[in-house]
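[1] here are the coordinates; sequence isn't available:
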Ligand SMILES: Nc1ncnc2c1ncn2[C@@H]1O[C@H](COP(=O)(O)OP(=O)(O)OP(=O)(O)O)[C@@H](O)[C@H]1O
C-alpha cells in the first residue's frame, strides 16, 4: 500500500475570515497526521477539504502526485471519511446501518463481517437495537465499526474519540497505529492527547 495525499498552498475563507492560508502538507503511507487547533480554527473544514468534500478553496490537492480532479474515482476508492457527527441512521439498527454504508460504498459484505465488526467495537448484544436508542458513545462505535469493515488505505477521521470511554480510546488508538504500521495513513482531529508515536505528526491551525 503506497499512497500520498498532498496539499499545496491550501487556503480557505469563511465569512470574510481566512481559516488557513498557504498550508502545505503531505501524508504518506505509514503516517498519522494530527490536525490541532482551538474551536473554530478550521479543523473540520480542512478535513472535509482533504476528503474531497468541498470545492470552495484555494490551492491544490494531489493524490499520489496527480491533481484530485483527475483521480477522483481512485481517490474515493481509497478513502474512508468519518465526519464530526457519527452520521448514523437513527431508525436503523447497527447491523442495518453498516449494510447501508456498505451499499453506499458499492461493497456487498456479509452479515458475518458486519457482526464481527460490531463485536470488535463492543456492540455485541446491540446489533438489532434501533441506533437512535443507543448512547452517544455506542452510536460513535457504530460509525467506528466501519474502520474494520471497509478496507481503505486513507482514513480521514474528525474527532473519532468523541463520547468514547477510556477503554475504547485505547483500542481506537491501537487501531490507528496498526493501520499506519500496515502502510495505511490517517488524518485525524482530536482534542484527546494521542500517545507519543514516531508515526504521529501534528499540524496546528489557528
Ligand atoms: N459552510 C460554512 N459557512 C460559513 N461558515 C462556516 C462554514 N463552515 C465552517 N464555517 C465557520 O468556519 C469556522 C471553522 O469551522 P470548523 O468547523 O472547521 O472549525 P473546527 O476547528 O473544526 O472547530 P471545533 O473544534 O469546534 O470542531 C467556524 O467559525 C465556522 O463557523
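    It's in. Computed from a predicted model, the values in this text were never measured in an experiment.

[2] Next up, the contacts around the closest residue to residue 135 other than its chain neighbours.
    If the residues on either side of it in the chain are set aside, residue 135 comes closest to residue 163, at 7.7 Å by CB to CB, 6 or more residues apart in numbering. Placement of C-beta: from N, CA and C, glycine included. The contact partners of residue 163, by CB atoms under 8 Å, 6 or more residues apart in numbering, come to 135, 136, 137, 139, 140.

[3] Most neighbours out of the residues you listed, which is it?
    residue 140 (25 neighbours; other CB atoms under 10 Å).

[4] Look up which helix or strand it falls in, please.
    Using DSSP states H and E, residue 140 sits within helix 136-149.

[5] Only the buried residues of that helix, if you could.
    With burial defined by 16 or more other CB atoms under 10 Å, the residues of helix 136-149 counted as buried are 138, 139, 140, 141, 142, 143, 144, 145, 146, 147, 148, 149.

[6] ok, now how distant is residue 74 from the ligand?
    Residue 74 is 26 Å from the ligand, where distance means CB to the nearest ligand atom, to the nearest Å.

[7] Give me the number of neighbouring residues for that residue.
    Neighbour tally, residue 74, other CB under 10 Å: 12.

[8] excluding its backbone neighbours, what's nearest it?
    residue 63 (6.7 Å).

[9] In contact with that neighbour, which residues are there?
    3, 4, 5, 6, 71, 74, 75, 78.

[10] And for the closest residue to residue 205 other than its chain neighbours, the neighbour number?
    In this structure, residue 205 finds its nearest non-sequential neighbour in residue 37, 3.4 Å apart by CB to CB, 6+ apart. Residue 37 is flanked by 17 other residues according to other CB under 10 Å.

[11] Report the contact partners of residue 37.
    43, 204, 205, 206.

[12] contacting residues for the third one?
    By CB under 8 Å, 6+ apart, residue 205 lies in contact with 19, 20, 35, 36, 37, 41, 42, 43, 46.

[13] contacts with the ligand among those, please.
    19, 37, 41, 42, 43 (CB under 6 Å from any ligand atom).
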